[in-house]
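Student: Mind folding the following:
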Amino acid sequence: MSFLLAQVPAAVANPTPAAWRVITKMAYFAGLIGTIGATMLHLLVLRPVLERQSVDPADRAVLHRRTSLLLAIAGTWYLVALYFQIAGKAARVKGVEIPYGRALQPASIWKYVTVPAKKGEWVSSGALTLTQYLLWGASAVVLMLLWSPKLRAHLTGIALAGLVLSFVAYQVTLLPTDFAKETADTLVDGLLDHLHVSAVSTWVGGIAALVVLATARRRLTPGAGGTWAQIWTRFSTVALCAVGCLLISGLYLAWSLVGSPGELLTTSFGRFLLVKVCLVATMIGVGGLNEFVLMPRIARARRAGEEGSVFRLALQVFPGLVAVEVVLAVGVLFVLSFLTGSARVEAGDPDPTLSGGIVGIGVLLAVLLAISFVTTAKVSERLSRPAAAPAAEPVPEF
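Tutor: Below you'll find the model as predicted:
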């Protein structure tokens, strides 16, 4: 998300944002995370599980309809949020801020996106923004097609189209307005920033969608607990990969924005970042509780044929804990609205320079995280195994 944390003069580093800025930024990120997360969830988790022959057709129909409605709502939310977000950009064109009410007028937005390119630029920043928001808007409109019951038969194709359009739109931010100013550092920053947002969206958007879908439990059959156990198991694998990418990219972005550990306490940017890190760490902790406690309990209940326990754990207890992660994620979005500039700017530190040593540390961390996640999966699997029956006492001979 570093492209949103634009460098500003030290004198105005990390200013307190206006209320409209907090609201529009949170709404925009909720839309982005929701659309990417929900489409990824359907394509990587729900569709493969629901296509299995063991799934009751009635449960399949309920979840298919709920997923379609969820994506349609996400697309509608995102389309509206995009307009308010681009108006926010128009309110700060060329460093001159205009009243947000005036920025909401189509004429103000058009003036922003049609600002001519500066000398040496192949395209203006406004034109790139217009291209990106049109693509994002197209992805939202595609998902809104699912409001039509007739089109829900094409749920997978529509979800894939919406995801591809959203992904292509996000890549527009990698295009510089002046290629002469593009460096290896800025390219790496952009790529890891995109990885960070994609990982957050897949993880947080996925769990939020699952919490919403779990509210349909009263319409499901008693055997739906087994289906949801498979959904949670498959999603946990996806979430582990997403969290791994989140940690690697997040550590790099933190290094690029914070010059030293002390700046986490001595700068306003650092303090907000520290709060965000604590919230994310708590989310990961709750996820660990699900992985090491609830998943094994569900697996053991399934092996024992305890259908009622499986349903309760998979559709009541598990979603309840995951809902805590969603609430924490809302807190992260709120804190993110206050992150502008960087701790380096506030402290007057020089810009970071990417070196072979930093790359080596990143590769080492990636390897260690991969090992730790494989170990996590194996430990969770081992905990899921039924306890060994006690050995029978030998019968005394007479």
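
Student: Point me to the helix or strand that includes residue 302.
Tutor: helix 295-303 (DSSP states H and E).

Student: residues of that helix that come out buried?
Tutor: Of the residues in helix 295-303, 295-302 count as buried by neighbour count, 16 or more other C-beta atoms under 10 Å. Yep, even glycine has a C-beta here, placed from its N, CA and C like the rest.

Student: now stretch 308-324
Tutor: 309-315, 317-319, 321-323.

Student: Check stretch 21-40 too.
Tutor: 21-22, 24-40.

Student: And stretch 242-260, by the same measure?
Tutor: Those would be 242-250, 252-254, 256-259, for stretch 242-260 by 16+ other C-beta under 10 Å.

Student: Give me the subset of the residues you listed lying in strands.
Tutor: Nothing among the buried residues of stretch 242-260 maps onto strands, per DSSP state E.

Student: From these, pick the one nearest residue 289.
Tutor: Closest to residue 289 out of the buried residues of stretch 242-260 is residue 243 (14.0 Å), distances taken as C-beta to C-beta.

Student: Test my guess that that closest one contacts residue 284.
Tutor: Yes: with contact defined as C-beta atoms under 8 Å, residue 243 counts as touching residue 284 (6.3 Å).

Student: hey, what's in contact with both of the two?
Tutor: The contact sets of residue 243 and residue 284 do not overlap (C-beta atoms under 8 Å, 6 or more residues apart in numbering).

Student: Where does pLDDT dip in the chain?
Tutor: For the chain, the stretches with pLDDT under 70 are 1-15, 93-96, 353-359, 361-362, 364-366, 368-370, 372-398.

Student: Inside helices: which ones of the buried residues of stretch 242-260?
Tutor: Residues of the buried residues of stretch 242-260 located in helices (DSSP state H): 242-250, 252-254, 256-257.

Student: thinking again about what came up before, give the other helices and strands that the helix holding residue 302 contacts.
Tutor: Other helices and strands packing on helix 295-303, by 3 or more C-beta pairs under 8 Å, 6 or more residues apart in numbering; DSSP states H and E, are helix 224-257, helix 307-312, helix 356-384.

Student: could you give the angle of the host helix or strand of residue 31 to helix 224-257?
Tutor: Per DSSP H and E: residue 31 is located in helix 19-41. On the basis of axes from the mean of the first three to the mean of the last three C-alpha atoms, to 10 degrees, helix 19-41 is oriented at 130 degrees to helix 224-257.

Student: Tell me how far helix 19-41 lies from the chain's centre.
Tutor: 9 Å (C-alpha atoms, centre = their mean, to the nearest Å).

Student: Toward the C-terminus, what is the element adjacent to that helix?
Tutor: For helix 19-41, the following helix or strand on the C-terminal side (DSSP H and E) is helix 47-50.
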